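Asks: coordinates for the following, if possible.
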Amino acid sequence: MKLKGRVAAVTGGSAGIGRGIAEAFLAEGANVTIMARNADKAARMLDEIGAGDRLSFIGGDATSQVDVEGFIDQTIDRYDALDILVNNAGGAGNLQPIANLSDEAFDLAIKWNVYSTFWATRRAIKPMIERQWGRVINISSVEGKQGKAVFTAYSTAKHAVNGMTKSVAQEVGTDGVTVNAICPGLIITDIVRENGVATAEAMGVTFDEMVALFAEDAAIKRPNTIEEVAAMAVLLASQEGGGITGALLSVDGGTTQY
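Replies: Presented below is the predicted three-dimensional model:
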């Protein structure tokens with residue numbers, strides 16, 4: 001029960017990595033709110049987990065400033081606190097070579113990954129500073145540490161998230177607030193399966209070949225799991241994680257060397 005009594009907010013929390021982190025936090029005693037666009041998917045999650053009042057859903061779109069800031073405000077109103085923020089919402093979207101990359105697609109990658117993290121963090125950081133305790137955990141990517149063909153927009157966005165992580169950590173280091181980023185490698189979530197065929201086509205390979213290419217880059221020669229990312233999030237969210245801040249922590253099976 002490392003997070004007993006803590007209040008956590010997770011954007012993009014109804015599926016994939018976000019859901020895995022929310023479940024891990026609940027298992028450690030936290031109260032959790034999730035934000036997601038798909039109300040039906042969120043309702044199924046709440047029913048399947050059965051955590052009662054300890055798990056709440058607040059509908060919202062991570063590309064909307066009003067929705068993201070409202071999510072933070074409603075979490076505080078509901079539980080009278082916010083201790084842990086997980087900026088999980090985001091994604092690669094429509095991957096294209098830069099010669100074919102539209103302004104609209106690039107803007108979406110920035111808004112979905114960078115602005116959503118900025119809006120939520122800015123809203124949450126003041127009450128954390130006031131209470132002299134807080135944890136901000138940004139879900140970045142190996143593409144935030146290295147480039148990959150056709151990932152230009154996504155890689156640009158995740159590099160920006162990593163820079164934001166380091167800068168904000170320096171601002172609040174003496175206020176009891178830590179700010180870190182987890183950089184996962186390939187994880188076979190539902191959305192990866194749904195969008196993976198188009199991604200693979202943009203890379204000029206099949207879906208299975210794409211998975212094999214990502215796995216070959218890793219020391220462990222396999223994709224990572226949602227549970228492995230969630231375990232890192234629990235550490236960073238806990239009291240024991242208080243000495244870790246401004247870090248870009250890879251959960252990528254050794255894909256990146258730093």
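
Asks: give me the residues contacting stretch 214-225.
Replies: 184, 185, 186, 187, 188, 211, 251, 252, 253, 254, 255 (CB atoms under 8 Å, 6 or more residues apart in numbering). (C-beta placed from N, C-alpha, C; glycine too.)

Asks: give me that answer again for 6 Å
Replies: Residues outside stretch 214-225 that contact it (CB atoms under 6 Å, 6 or more residues apart in numbering): 184, 185, 186, 187, 188, 251, 253, 254, 255.

Asks: let's see if you can find the most crowded of these.
Replies: Neighbours here mean other CB atoms under 10 Å. Within the contacts of stretch 214-225, the largest count is held by residue 184, at 26 neighbours.

Asks: so what pairs up with it in the strands?
Replies: residue 251 (DSSP bridges).

Asks: quick one: contacts for it?
Replies: Counted by CB under 6 Å, 6+ apart, residue 184 has contacts 224, 229, 251.

Asks: pLDDT score assigned to the residue located most distally from the centre of the chain?
Replies: Here the centre of the chain is the reference, and by CA atoms, centre = their mean the most remote residue is residue 99, at 28.5 Å. pLDDT for residue 99: 97.

Asks: what are the phi and psi values at it?
Replies: phi -60, psi -20 (degrees, to the nearest 10).

Asks: tell me how far it lies from residue 92.
Replies: 18 Å (CB to CB, to the nearest Å).

Asks: make CSV from the contacts of residue 184 and add distance to residue 196 and pLDDT to it.
Replies: Below are these laid out as CSV (distance: CB to CB, whole Å; pLDDT from 0 to 100):
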residue, distance to residue 196, pLDDT
224, 15, 94
229, 18, 98
251, 19, 97
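
Asks: and which of those residues is nearest residue 72?
Replies: Of all those, residue 72 sits closest to residue 229, with 22.3 Å by CB to CB.

Asks: okay, and that closest one sits in which element?
Replies: Taking DSSP states H and E as the definition, residue 229 sits inside helix 226-237.

Asks: show me what that helix is packed against.
Replies: Contacts defined by 3 or more CB pairs under 6 Å, 6 or more residues apart in numbering; DSSP states H and E place helix 226-237 against helix 16-27, strand 134-139, strand 177-184, strand 248-251.

Asks: in it, what counts as buried?
Replies: Of the residues in helix 226-237, 226, 228, 229, 230, 232, 233, 234, 235, 236, 237 count as buried by neighbour count, 16 or more other CB atoms under 10 Å.

Asks: in the stretch 51-200 of the chain, which spans are helices?
Replies: Assigned by DSSP state H, counting those that start in this stretch, the helices in the stretch 51-200 of the chain fall at 65-79, 103-110, 116-131, 152-172, 190-203.

Asks: now the shortest one and helix 116-131, what's the angle there?
Replies: Right, the one you point to is helix 103-110. Put simply, helix 103-110 runs at 30 degrees to helix 116-131, going by axes from the mean of the first three to the mean of the last three CA atoms, to 10 degrees.

Asks: name the helices or strands packed onto helix 103-110?
Replies: Contacts defined by 3+ CB pairs under 6 Å, 6+ apart place helix 103-110 against helix 152-172.

Asks: how about the longest one?
Replies: Taking 3+ CB pairs under 6 Å, 6+ apart as contact, the helices and strands that helix 152-172 lies on are helix 103-110, strand 177-184.

Asks: out of these, deepest packed?
Replies: strand 177-184 (a mean of 26; mean count of other CB atoms under 10 Å).
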